[in-house]
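> Provided below for reference: sequence and predicted model.
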Amino acid sequence: VTRIVPFGLALLAAGVLSVAAAAPPAAPDLILHHGKVVTVDERFSVRQAIAVRDGYIVATGGNREILRLKSAATQLIDLGGKVVIPGLIDSHTHPGDASMVELDHEIPAMSTIEDVLGYVRSRAKVEPPGEWIQVRQVFITRLREQRYPTRDELDRAAPEHPVIFSTGPDASLNSLALKLSGIGRDFRPPDGGPGKVELDPATGEPTGILRSLTRYVNVRPTGDRPTEEDRTRRLLELFRDYNANGITSIGDRDASADQVERYRKLRSDGRLTVRVSISQHVDTVGPLEPIREKIRAIAADPLRRPDPFAQIIGIKTYLDGGMLTGSAYMREPWGVSKVYSITDPTYRGLRFIPQDRLVELVRTTVKSGLQYTAHSVGDGAVHALLDAYAEVDRTLPIRGTRPCITHSNFMSREAVERMPALGVSIDVQPIWLYMDARTLVPHFGYDRLRYFQPLHSIFAAGGTAGGGSDHMQKIGALRAVNPYHPFLGMWIAVARRARDLEAPLHPEEALTREQALRLYTRNNAYILFRDDVGSLEPGKRADLAVLDRDILTCPVDAIRDTRVLATYLGGREVYRRQ
Ligand SMILES: [Zn+2]
């Protein structure tokens, strides 16, 4: 690939408007000009025009300089002053599952108990009696009432259908679902594992709420099993919607073996319209040696090779519970809570991997040349993972594998400072601050949230944070769970505002707009081993998005409503707003 390296700098140095002295390179096949090209290079340079050839950026610069490169065959696009940014990168998605959630019917947004019951009633009308009705991952901390629908409420909504409403490890069931699962007042988990049936203190009967027992609920899926064709079609549909939101690269942060095979096929068929960096799922329970073998097998996969469209970068594990279900592993006790059903004042949340095992998993992963990341929400989990990274790093340098902490919501001054020293980055979800601070602030108090998503501190300490959505359900940037509208994410990182909270949450941790853009471009490129994208510089792939407004100068609250006018992937238009 011909590189006209740093065009603007060369011009400045030479003091003349001419390209390098070597033989003239072939003309660009695409030039976008008379715009504001926000390159997000190291110095955050802004140019007027950009030239592309064979899928790569060949030059950025002033209108005259760049237009001078054109030939009769060059496609010219007059931006009319519009802003161009690097194609956006979401470092945390679950596209395979998310795209299948509404395969046979649309699921409405649910923000109240009545919304939930209305949905259950609507399913009871169309499903034959006896068929299961499932409501998944509608977090009770995101419902106005902040509680589960009761067994009685679910019975009234669908008396002839078994109903399960589940979030995280817990669930609320109606009477028929309890009966079909053989779960009554005296039920004890036969595997001796965790879990309990909640009983009504007045009657001694099950309330319908099961704690960590969903493995004993005999849900029979309704409808036809989706075909491979269904899965592929829906996945590509979702990727088109990512493109419509300016997204050109993603991290799949928990791909199953099936999903990896699907990417392999779509890649060889040339059908992917986003570049996928894959963190493959690895179970961490059971004997250690088979887990190690699995990690080594992932490292030997041909998709480990750097690839423009699909590459395995590492593995994903789960170190603790979640903040929406009161199970993130904290350094201090959670505190007694009705919303989170915490009665033990010493309870600190759930941790899934003991420290010595964590160290061994990290060591094997680093030895295999893979990126390790673990879902680590609470500060206890974040510290444990940093400790494990530090221990392995003493004998086996970890930096080259770009070790990561996924979510990393609750941090500390110490964690912020240890990250860059070890070369550890985080993939973080600003949308959680927006959606959930209204539950976290009353529970933890404002001060304990001082280092909740401390993005300004991380940037100031020289750490690397990348923005992601944790998209897990539905297609549609704002209606999805979680919303994957990247400009909403940037706005939250800049404004630190949360729904239903009047004041911003620790505005001293707000990012500048430039930093927020880095969060979704070059920082994620680093985290996802996509060194060929993430900024608009000669030699990089021509992934870019044209915006309807200038996110660097518009009113702050207008950032969240930014719309993408066109998206290019390797110089090819993959989206244009009609
Ligand atoms: Zn996730």
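Cool, got the structure.

> Give me the nearest residue to Arg563, chain neighbours excluded.
Asp548 (4.5 Å; C-beta to C-beta, 6 or more residues apart in numbering). To be clear about C-beta, it is placed using only N, CA and C from the backbone, and glycine gets the same treatment.

> swap that for Leu288, sorry
Take Leu288 and drop its neighbours on the chain: the residue closest to it by C-beta to C-beta, 6+ apart is Glu360, 6.1 Å away.

> what sits up against the strand or helix carrying that neighbour?
Using DSSP states H and E, Glu360 sits in helix 355-367. Applying C-beta atoms under 8 Å, 6 or more residues apart in numbering, the contact partners of helix 355-367 are 282, 284, 288, 291-292, 295-296, 314-315, 317, 319, 353, 371-372, 374, 384-385, 387-389, 391-392, 396, 398, 401, 403.

> now it: how far from the chain's centre is it?
Put simply, helix 355-367 sits 24 Å off its chain's centre (C-alpha atoms, centre = their mean, to the nearest Å).

> follow-up on the earlier one: can you tell me how far the residue nearest to Arg563 is from Gly81?
11 Å (C-beta to C-beta, to the nearest Å).

> burial of Arg43, as a residue count?
Around Arg43 there are 8 other residues, counting by other C-beta atoms under 10 Å.

> which ones are touching Asp97?
For Asp97, the contact set (C-beta under 8 Å, 6+ apart) comprises 472-473.

> give me every residue that touches Thr39.
The neighbourhood of Thr39, defined by C-beta under 8 Å, 6+ apart, consists of 45-47, 60, 86, 535-537.

> Tally up the residues packed near Ala244, please.
Neighbours of Ala244 (other C-beta under 10 Å): 18.

> Test my guess that it contacts Leu565.
No. In this structure Ala244 lies outside contact range of Leu565 using C-beta atoms under 8 Å: 10.3 Å.

> Overlap in contacts, these two.
By C-beta under 8 Å, 6+ apart, Ala244 and Leu565 have these common neighbours: Arg577.

> quick one on the thing from earlier: buried subset of the contacts of helix 355-367 as a ChimeraX selection?
Listed next is the ChimeraX selection for buried residues among these, using 16 or more other C-beta atoms under 10 Å:
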select :282,284,291,292,295,314,315,317,319,353,371,372,374,384,385,388,389,391,392,398,401,403
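
> now, which of the contacts of helix 355-367 lie within helices?
288, 291-292, 295-296, 384-385, 387-389, 391-392 (DSSP state H).

> so which helix or strand takes in the most centrally placed residue in the chain?
Nearest to the geometric centre of the chain sits His92, at 2.4 Å (C-alpha atoms, centre = their mean). Assigned by DSSP H and E, His92 belongs to strand 88-93.

> What are the buried residues along that strand?
By neighbour count on 16+ other C-beta under 10 Å, the buried set for strand 88-93 is 88-93.

> so which pair among these is furthest apart in space?
Pairwise distances across these (C-beta to C-beta) peak at 13.1 Å, for the pair Leu88 and His92.

> Give me the neighbour count for the residue nearest to Asn218 when sequence neighbours are not counted.
Among residues not flanking Asn218 along the chain, Ser181 sits closest, at 5.0 Å (C-beta to C-beta, 6+ apart). For Ser181, the neighbour count with other C-beta under 10 Å is 19.

> Hmm, Ser181 is touching Leu173, no?
Yes. With contact defined as C-beta under 8 Å, Ser181 reaches Leu173; the gap is 7.3 Å.

> Now do the shared contacts for the two.
Common neighbours of Ser181 and Leu173 (C-beta under 8 Å, 6+ apart) are Val217.

> Now the longest helix that the chain contains: average pLDDT?
When the chain is scanned for its longest helix (criterion: DSSP H), the result is helix 228-244. Averaging pLDDT along helix 228-244 gives 98.

> buried stuff in it?
Under the neighbour-count criterion of 16+ other C-beta under 10 Å, helix 228-244 has 231-232, 234-236, 238-239, 241-244 buried.

> which residues does Phe139 contact?
Applying C-beta under 8 Å, 6+ apart, we find Phe139 in contact with 167-168, 324-325.

> Now flag whichever of those residues is closest to Thr521.
Checking the contacts of Phe139 against Thr521 with C-beta to C-beta, the nearest one is Leu324 at 27.9 Å.

> Leaving aside the residues adjacent along the chain, what's closest to that closest one?
For Leu324, ignoring the flanking residues on the chain, the nearest one in space by C-beta to C-beta, 6+ apart is Phe139 at 4.2 Å.

> what do you get for Ala545?
Ala545 sits nearest to Gly246 (C-beta to C-beta, 6+ apart), 3.5 Å away.

> That neighbour: neighbouring residues, count only.
The number of residues packed near Gly246 is 28, by other C-beta under 10 Å.

> and of the buried residues of helix 228-244, the nearest to Pro430?
Tyr242 (17.4 Å).

> For the closest residue to that closest one other than its chain neighbours, give me its contacts.
In this structure, Tyr242 finds its nearest non-sequential neighbour in Val274, 5.3 Å apart by C-beta to C-beta, 6+ apart. Contacts for Val274 (C-beta under 8 Å, 6+ apart) come out as 239, 242-243, 247-250, 569.

> Grab the nearest non-local neighbour of Val494.
Spatial nearest neighbour of Val494, excluding adjacent residues (C-beta to C-beta, 6+ apart): Ala516 at 5.1 Å.

> Show me what the closest residue in space to Leu547 that isn't next to it in sequence is bridged to.
Leaving out its chain neighbours, the residue that sits closest to Leu547 by C-beta to C-beta, 6+ apart is Val83, at 4.6 Å. For Val83, the beta-bridge partners are Lys36, Leu547 (DSSP bridges).
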